[in-house]
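Enquirer: below: sequence and its predicted model.
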Amino acid sequence: MDLSNIIVCSFHTADEYYRGRAKSLRNNLEHIGVVHELEEIEKSEGEDWADICRKKIGFLARVCDENPDKKVFWIDVDCNLLEFPRYIAEFTADIIGFQRGFSSPMRIGYVNRTRFWEPCFLGINTTPAARKFVQDACALEQSMEIKATDDYFFEESWRSNASHLSFQVIPSLAVLSKADGHPGAQVFFTFGSSGSVKEFKGSVVQHDHVNIGMTMPLRRRVRLHALRSAKFVEQRLPRGMAGSLRKVADNVGITDILTGGALGSGSFSGSDGQAGSLGASPRRNRLVKEMVVAAQRADAVRVEGAFARLASDGIPSNAEVAAKQAADTFLFYASGNTAQDPIKLVWWPRPFPGNFGDWLSPLIVDAQTNRSIVFQSPTSASRDLHITSVGSIGRFIKASSIVVGTGISSTDAELDRKAHYVSVRGPITAEQVKASGGPSVASFGDPGALISRIIPIERGLTNGKLALVRHHKHINLPVVVPDGMDELSVLLSHPDAIRSFVTELNQYDAVVTSAMHVMITCHSYGIPCALVTFEGFESSVHGSGIKYRDYSLGVGLSDVYEPVSVPLDLRRINVESLITKEEISPGKLDEIEQAVQDGISLYLSRR
């Protein structure tokens, strides 16, 4: 692909944060092979963030004037390009960019936004109409003394020139943060934010909505407002109080409302915040919700009926098919032995069809009992007795929880001191229980380690290859694998799918993974393994990273494992040098299994 007719431009101020982001962006652009102009500008006395932002207009106009025969792309310096897709490089419209809010085409224009474009990444063609769009924005910025950012002047020029412009909207799933739960999305862009937008939003000139034909549903407006308010308050609390605020929100059900509760934490959300698949109609969203909730209630007839109506009303989207797969798994566990009361179990079910590690929880509890397993949302305010087991979901432990092997992802989580702690993942979680006023916990071990006992597999002759299994947060990164390495997906939930997955893992010489429970599975079977993360995306997996140490200490490994940062192009490193072999001792597996059995017995005795 010829990139010689393209230039990417940006600027940054002379401070540590933006210099660091500029260095990262420059490295990325050099690696891609794109000509770029990244300039450091001086921040004059009295200038604030809004004043700096509006300078983008004149800067972009200058680069366009200096490069009349090149397509000019502006990118905010705290964003990044993972690659330069052909459809971006070879666009033929006057303008290419993301719609405001990275929205989907089903919400195009000004339905929920006051401006059309998201100007953090904007491509300007060489056409007269495209250059006039930039020139008009520049002329307006230079002539107006109002307090406004670049967004305002871009929007004014857009409204003036739109009838003469052709344009191309980049799919929202091209943004890494929007593509979670959508395997196969062609991601090339990561969005950054310095955090100044919220601070200045009320002090700069804003546009009104234009010709709105529909409005955001009231429930969604309430949810978004509550979420933003909660985050605003949390960010301004003294250190140590944020965890307490989250605990209150969890206990009274605010978190459950914000995350969609009955569908499983995270709700059935598309990448633009809409329920259901991108652009799904309210009717389809209701059918998906009906299907998933019916599965959790063991109503097989209603599950199939809801999906049949979805299929008859149009081609089911990938997200709807994934929801059906998750529904089938909910149904499998809920439809067990109905002659006895079921066991209520908390686990994290999203993203659909399910994340392998999280869905080990019902698999392991189901293997130790002849009762059906009923899902209870971790964010639910319910006070019903339940078991909490696999996962870094300690934050959601309640007084009515029986805790078996649960862990935490950061030490700012306040754990419920009144819960009954049979065991926890490791000593770091145990310390947090104690620090929260809870009891001393002496039994450690992630129940996910029992996978080799639940699905016994004898490792025989392997296939001479390596397997790469990414954390679901990394699925859409443009990773390049070397020869002799295959990729396996972590997105699965049904016991049959899990059995097939671990059977396949055992056929490889070794496994490279960024998913902790895949590493735990390897340690359970004795499969050589490397735990990695990807350069520039170390923080994409939730938490501070303590969970790896907590697990390692909890099962008594010879080493404490933490992810090693590797480049997206795995051909650039010696992957084999990262691989080690561990196997959890039979004695520790006995202890973990006994804890699961004790937790189930305690649950049944308290019913």
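Expert: All right, it came through fine.

Enquirer: point to the helix or strand of this protein where mean pLDDT is at its lowest.
Expert: Between all helices and strands in the chain, the lowest mean by mean pLDDT, DSSP states H and E belongs to helix 196-200, at a mean of 46.

Enquirer: stretch 501-520: how far from the chain's middle?
Expert: Centroid separation between stretch 501-520 and its chain, computed with C-alpha atoms, centre = their mean, to the nearest Å, is 21 Å.

Enquirer: also stretch 4-18?
Expert: Distance, centroid of stretch 4-18 to centroid of chain: 27 Å (C-alpha atoms, centre = their mean).

Enquirer: and what of stretch 391-409?
Expert: Worked out by C-alpha atoms, centre = their mean, stretch 391-409 lies 21 Å from the chain centre.

Enquirer: and the end-to-end length of it?
Expert: Taking C-alpha to C-alpha, to the nearest Å, stretch 391-409 runs 9 Å from one end to the other.

Enquirer: can you list the buried residues in it?
Expert: Buried residues in stretch 391-409, counting neighbours by 16 or more other C-beta atoms under 10 Å, are found at 391-398, 400-409. In this view, the C-beta of every residue, glycine as well, is placed from N, C-alpha and C.

Enquirer: got the domain ranges for this protein?
Expert: Split into domains by automatic domain parsing, the chain comes to 6-203, 224-448, 457-585.

Enquirer: between those, which gets nearest to Ser605?
Expert: Comparing those by their distance to Ser605 (C-beta to C-beta), the top pick is domain 224-448, with 10.2 Å.

Enquirer: check what pLDDT the most far-flung residue of the chain relative to its centre gets.
Expert: Computed with C-alpha atoms, centre = their mean, the residue of the chain farthest from its C-alpha average is Ser143, at 42.6 Å. Listed pLDDT for Ser143 reads 92.

Enquirer: contact partners for the closest residue to Val404 other than its chain neighbours?
Expert: Using C-beta to C-beta, 6 or more residues apart in numbering and skipping the chain neighbours, the partner closest in space to Val404 is Gly599 (3.7 Å). Shown in contact with Gly599 (C-beta atoms under 8 Å, 6 or more residues apart in numbering): 387, 389, 402-404, 422-423.

Enquirer: try it again at 10 Å.
Expert: 343, 365, 368, 387-389, 402-405, 420-423, 447 (C-beta atoms under 10 Å, 6 or more residues apart in numbering).

Enquirer: any idea which helix or strand carries Lys289?
Expert: helix 282-296 (DSSP states H and E).

Enquirer: so which bits of that helix are buried?
Expert: 284-285, 287-296.

Enquirer: those: which two are farthest apart?
Expert: Arg284 and Gln296 (19.1 Å).

Enquirer: quick check: which ranges of this structure have low pLDDT?
Expert: Counting by pLDDT under 70, the chain has low-confidence residues at 109-113, 193-280.

Enquirer: list the buried residues for the helix or strand in which Ala130 is found?
Expert: Assigned by DSSP H and E, Ala130 falls within helix 128-143. Going by neighbour count (16+ other C-beta under 10 Å), the buried part of helix 128-143 is 130-138, 140-141.

Enquirer: ok, and what's touching stretch 58-69?
Expert: By C-beta under 10 Å, 6+ apart, stretch 58-69 touches 5-11, 35, 37, 39, 41, 70-74, 119, 122, 124, 126, 130-131, 133-139, 141-142, 150, 153-154.

Enquirer: 8 Å instead, please
Expert: Under C-beta under 8 Å, 6+ apart, the answer for stretch 58-69 is 5, 7, 9, 11, 37, 39, 41, 72, 74, 122, 124, 126, 131, 134-135, 137-138, 141-142.

Enquirer: endpoint to endpoint, stretch 435-448 covers what distance?
Expert: OK, stretch 435-448 end separation, C-alpha to C-alpha: 25 Å.

Enquirer: residues of it that come out buried?
Expert: 436, 438, 441, 443-448.

Enquirer: got these as a markdown table, with secondary structure columns?
Expert: Putting those into a markdown table (DSSP: H, G, I helix; E, B strand; the rest coil) gives the following:
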| residue | secondary structure |
| --- | --- |
| Ser436 | coil |
| Gly438 | coil |
| Val441 | coil |
| Ser443 | coil |
| Phe444 | strand |
| Gly445 | coil |
| Asp446 | coil |
| Pro447 | helix |
| Gly448 | helix |
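
Enquirer: now for those: which two are most distant?
Expert: Counting by C-beta to C-beta, the most remote pair of the buried residues of stretch 435-448 is Ser436 and Gly448, 23.6 Å apart.

Enquirer: and the gap between Arg350 and Ala294?
Expert: 18 Å (C-beta to C-beta, to the nearest Å).

Enquirer: kindly report the same for Leu415.
Expert: Taking C-beta to C-beta, one finds Leu415 at 33 Å from Ala294.

Enquirer: now, which of the buried residues of stretch 391-409 lie within helices?
Expert: Judged by DSSP state H, these include no members of helices.

Enquirer: to the chain's geometric centre, what's the distance from the single longest helix found in the chain?
Expert: Ranked by residue count and defined by DSSP H, the top helix of the chain is helix 586-606. Centroid displacement of helix 586-606 relative to its chain, using C-alpha atoms, centre = their mean, is 32 Å.

Enquirer: buried residues in that helix?
Expert: For helix 586-606, using 16+ other C-beta under 10 Å, the buried residues are 588-589, 591-593, 595-596, 599-600, 603.

Enquirer: gap between stretch 404-413 and the chain center?
Expert: 19 Å.

Enquirer: quick check: end-to-end length of it?
Expert: 17 Å.

Enquirer: again with stretch 157-176
Expert: 29 Å.

Enquirer: packing partners for the helix holding Lys289?
Expert: helix 300-312, helix 318-334 (3 or more C-beta pairs under 8 Å, 6 or more residues apart in numbering; DSSP states H and E).

Enquirer: return the alpha-carbon coordinates of that helix using CSV.
Expert: Provided in CSV are the C-alpha atoms of helix 282-296 (Å, rounded to 0.1, in the frame of the first residue of the first chain):
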residue,chain,number,x,y,z
PRO,A,282,-35.8,-1.3,20.8
ARG,A,283,-37.9,-4.4,19.8
ARG,A,284,-34.8,-6.5,19.1
ASN,A,285,-33.2,-5.3,22.3
ARG,A,286,-36.3,-6.4,24.3
LEU,A,287,-36.2,-9.8,22.6
VAL,A,288,-32.5,-10.3,23.5
LYS,A,289,-33.2,-9.3,27.1
GLU,A,290,-36.2,-11.7,27.2
MET,A,291,-34.1,-14.5,25.8
VAL,A,292,-31.2,-14.1,28.3
VAL,A,293,-33.5,-13.6,31.4
ALA,A,294,-35.6,-16.6,30.4
ALA,A,295,-32.5,-18.7,30.2
GLN,A,296,-31.5,-17.6,33.7
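
Enquirer: going forward, begin numbering at 804 instead of 1
Expert: Shifting the count to begin at 804 puts that one at helix 1085-1099.

Enquirer: so it versus helix 1121-1137, what angle?
Expert: The directions of helix 1085-1099 and helix 1121-1137 differ by 20 degrees, with axes from the mean of the first three to the mean of the last three C-alpha atoms, to 10 degrees as the criterion.

Enquirer: ranges for the strands of the stretch 1154-1303 of the chain?
Expert: 1176-1179, 1189-1191, 1204-1209, 1223-1227, 1269-1272, 1288-1291 (DSSP state E, counting those that start in this stretch).

Enquirer: could you say which of these is packed most deeply?
Expert: strand 1204-1209 (a mean of 28; mean count of other C-beta atoms under 10 Å).

Enquirer: strands paired with it, and their directions?
Expert: strand 1189-1191 (parallel), strand 1223-1227 (parallel) (DSSP bridges).

Enquirer: okay, those strands in JSON lines with distance to Tyr1354 next?
Expert: Formatted as JSON lines, these follow (distance: least, C-beta to C-beta, whole Å):
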{"stretch": "strand 1189-1191", "distance to Tyr1354": "16"}
{"stretch": "strand 1223-1227", "distance to Tyr1354": "11"}
